[in-house]
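Novice: Kindly return the folded structure for what I paste below:
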Amino acid sequence: QVQLVESGGGLVQAGGSLRLSCAASRAIFSFDPMGWYRQAPGKQRELVADISVGGSTYYAHSVKGRFTISEDTARNTVYLQMSSLRPEDTAVYYCNAKRRINPSSLEDYWGRGTQVTVSS
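Specialist: Down below sits the predicted model:
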């Protein structure tokens, strides 16, 4: 069983920064991709950013230029550096890892989430 443990959330003022961490219980190169999702109250969970094996990244339009996803394979950890935070970034942030077992089967793992609150 894979465990993903997020940390680094908290309360920050608009314009501030936070760094989220996601520690995996197994080698992160076995997942493709790993990413961060968020869910605000009353809204659907949305993909914020992900990183694939080989290092290619994706960012949602709303965070491009402000958030950076990175990984440390030695620590089996994925990070989300968030800068220039806005009140609309307030959400629970979830770490996600996907692992393809075969062409028709994909395993999907989730952390429990970490709250990020941005005050105006």
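Novice: Please give me every residue in contact with the residue nearest to residue 66 when sequence neighbours are not counted.
Specialist: By the measure of CB to CB, 6 or more residues apart in numbering, the closest residue to residue 66 outside its immediate chain neighbours is residue 84, 4.6 Å from it. Every residue, glycine included, has its C-beta placed from N, CA and C. The neighbourhood of residue 84, defined by CB atoms under 8 Å, 6 or more residues apart in numbering, consists of 15, 17, 66.
Novice: partners of the helix or strand harbouring residue 68 in the sheet?
Specialist: Taking DSSP states H and E as the definition, one finds residue 68 inside strand 67-72. When pairing is defined by DSSP bridges, strand 67-72 lines up against strand 77-82 (antiparallel).
Novice: Show me what counts as buried in the strand it pairs with.
Specialist: Judged by neighbour count (16 or more other CB atoms under 10 Å), strand 77-82 contains these buried residues: 77, 78, 79, 80, 82.
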